[in-house]
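Asks: pasting a predicted model and its sequence here:
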Amino acid sequence: MAFACSNCGYQSVKWFGRCPSCGAWDSFAEAAEGASSPRKAESWLGEELRPITEIDLTDVKRIPSGSGELDRLLGGGLIPGGVILFGGEPGIGKSTLLLQVAQTLAQTVGNVLYVSGEESESQVKLRASRVGVGHKRLYVLSEQSLKRIAAAVEKLSPCALIVDSIQTVVSGSIEGEAGSLRQLREASSALIRLTKSKRLVTFLVGHITKDGAFAGPKSVEHLVDVALYLEGSRGEDLRFLRSVKNRFGATDEAAVFQMTAEGLKEILNPSQFFLEGHRGEPRPGSVVVPILEGTRPILVELQALVSPTGGYGVPQRRCTGLDINRVLLLLAVIEKQLAVHIGGADVYLSVAGGLEARERASDLAAVAAIVSSLRNRPIDPKTVVVGEVGLSGEVRAVRRVAERVREAEKMGYERIVVPRVGAPSAGSASVKGSIDVVPAESIERALEAIGLA
């Protein structure tokens, strides 16, 4: 006699109240006879054994998705036979973006099958109508059965398959509820085999847990070719699409979108978008810093407000879009290395526009903004600041300095303060010469260059 967990498939010779593998309660039941026997391996390609030198790549052509940002994130477009896991919090815009992609593929390539396991056909139609999606080659199927989904693919022969969501698909060949690890692995594996054999593009929409990870801990992510994560706040209209895994391109890219009434609109110039409110009269505590989102530099405004507590209570330290622990460290560096007493003042820091600047390249800009607000002296609005700050007050090198300098130059800024190590010269090939590159080895030298010494 054997017992098996209906959630993950774990088997044991004795019954457990809680599965030792997945932690599910009351999921053990007596396994049917022969359930433990391994299934025969299936071939989904049927290709012959060949040396890698004889494999022809001329037939591998990327398909444009209709979104330049998405194509750049994927490495140039969609790959036939590729499986993409598309994750994000509920209501963030996953289905909206995929409907827009489905519209483009239906117009330019061929049939597209959109499978919804959570909404009826009329509900999908209502959402599609709001964003202007509608084409006769875009087919909608409200279904959860894996067998019927596979039959629809066989009948329609689509160029793309969208499954929204993979947690709702149920395979009749195994036991377990929809969304369980066992069903999730079986449904994903079957759809991947179907994708490879039919040479179509498949999007699997995945739920996101409270911890911000794909539901079914890594049980699907390691099976797919690409894993994308759409993030943003529902209170804001900004959306970031990040690559967690990509077998066909780089994994350090990010695409920027804006949610509108017509759907998700790609932002081709994020720097201009985030600096719309920076123009005008210079203000104390405001500085522009180039941060990296993937490999793309984006200019954002970092603001600081330093005000005396007046002797009431403990000084406050609050920040939005920055790491609070890093900010506390920078305040200690300012106190020690610049001999500036800031312990009796409230300090507030914010990255304008709702973007998060988590990399250490924003350290020097944070120091400059704090000192600027404390001394009530504005920074030249045509100056950009970037660099990591060490505990001894040195300005340390950051990655991709040349790209950051070019972005600042492209946006019309006249001066940029950078770390001395790795600083490009004004006459180098990476800099045209219309921007003044000022290297600094310490925060004292940097503040002198900015005009805050």
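Replies: Noted; the coordinates are in hand.
Asks: how far is whichever strand or helix holds residue 437 from where the chain is centred?
Replies: Assigned by DSSP states H and E, residue 437 belongs to strand 436-440. Distance of strand 436-440 from the chain centroid (C-alpha atoms, centre = their mean, to the nearest Å) equals 32 Å.
Asks: stretch 439-447 now?
Replies: Counting by C-alpha atoms, centre = their mean, stretch 439-447 comes out at 33 Å from the chain centroid.
Asks: buried residues in it?
Replies: 439-443, 445-447 (16 or more other C-beta atoms under 10 Å). In short, each C-beta sits where N, CA and C put it, glycine included.
Asks: and for stretch 295-310?
Replies: Buried residues in stretch 295-310, defined by neighbour count with 16+ other C-beta under 10 Å: 296-306.
Asks: got it, and stretch 72-83?
Replies: 72-75, 77-83.
Asks: repeat that for stretch 413-427.
Replies: 413, 415-420, 423-424.
Asks: domain ranges for the chain, per the record?
Replies: 1-36, 61-268, 273-450 (automatic domain parsing).
Asks: low-confidence ranges in the stretch 151-300 of the chain?
Replies: Scanning the stretch 151-300 of the chain for pLDDT under 70 picks out 209-218, 234, 277-280.
Asks: just the strands in the stretch 101-250 of the chain please.
Replies: 112-116, 138-142, 160-164, 201-206, 226-231, 238-246 (DSSP state E, counting those that start in this stretch).
Asks: can you list those in TSV and add distance to residue 19 and mean neighbour count?
Replies: Output for these, formatted as TSV (distance: least, C-beta to C-beta, whole Å; neighbours: other C-beta atoms under 10 Å):
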stretch	distance to residue 19	mean neighbour count
strand 112-116	30	25
strand 138-142	32	19
strand 160-164	27	26
strand 201-206	22	26
strand 226-231	26	22
strand 238-246	27	19
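Asks: JSON lines for these, including distance to residue 335?
Replies: As requested, those are exported to JSON lines (distance: least, C-beta to C-beta, whole Å):
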{"stretch": "strand 112-116", "distance to residue 335": "57"}
{"stretch": "strand 138-142", "distance to residue 335": "61"}
{"stretch": "strand 160-164", "distance to residue 335": "53"}
{"stretch": "strand 201-206", "distance to residue 335": "46"}
{"stretch": "strand 226-231", "distance to residue 335": "35"}
{"stretch": "strand 238-246", "distance to residue 335": "35"}
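Asks: direction included, what does the strand holding residue 437 pair up with?
Replies: Pairing partners of strand 436-440, with direction, according to DSSP bridges: strand 415-419 (parallel).
Asks: just the residues contacting the partner strand, thanks.
Replies: Strand 415-419 is contacted from outside by 290, 364, 380, 382-388, 395-398, 401, 404-405, 408, 424, 435-441, 446, 449-450, using C-beta atoms under 8 Å, 6 or more residues apart in numbering.
Asks: what does the strand holding residue 437 rub up against?
Replies: 364, 387, 395, 405, 414-420, 423-426, 431, 446, 449.
Asks: what do you get for stretch 123-140?
Replies: Outside stretch 123-140, the residues that touch it by C-beta under 8 Å, 6+ apart are 95-96, 99-100, 102-103, 106-107, 110-114, 116, 119, 121, 142, 152, 156, 158, 261-263.
Asks: returning to that earlier point: and of the strands of the stretch 101-250 of the chain, who's closest to residue 8?
Replies: strand 201-206 (17.1 Å; C-beta to C-beta).
Asks: narrow the contacts of stretch 123-140 to those that are buried.
Replies: 95-96, 99-100, 102-103, 106, 111-114, 116, 119, 152, 156, 158, 263.
Asks: just the ones of those residues in helices?
Replies: Mapping the buried ones among the contacts of stretch 123-140 onto helices (DSSP state H) picks out 95-96, 99-100, 102-103, 106, 152, 156.
Asks: now, among the buried residues of stretch 295-310, which is nearest to residue 372?
Replies: Distance to residue 372, by C-beta to C-beta, is smallest for residue 304 among these, at 7.0 Å.
Asks: what pLDDT does the closest one get?
Replies: On the pLDDT scale, residue 304 is placed at 96.
Asks: what does residue 61 give?
Replies: For residue 61, pLDDT reads 87.
Asks: ok, the one 3 residues further on next?
Replies: Among the per-residue scores, residue 64 holds a pLDDT of 94.
Asks: hmm, it is touching residue 77, no?
Replies: Yes: counting by C-beta atoms under 8 Å, residue 77 is a contact partner of residue 64 at 5.2 Å.
Asks: what do those two both touch?
Replies: Joint contacts of residue 64 and residue 77 (C-beta under 8 Å, 6+ apart) are residue 71.
Asks: how close does the nearest residue to residue 170 once chain neighbours are set aside sit to residue 115?
Replies: Using C-beta to C-beta, 6 or more residues apart in numbering and skipping residues adjacent in sequence, the residue nearest residue 170 is residue 178, 4.7 Å away. Separation of residue 178 from residue 115 (C-beta to C-beta, to the nearest Å) stands at 14 Å.
Asks: same thing with residue 381?
Replies: Distance from residue 381 to residue 115, by C-beta to C-beta: 52 Å.
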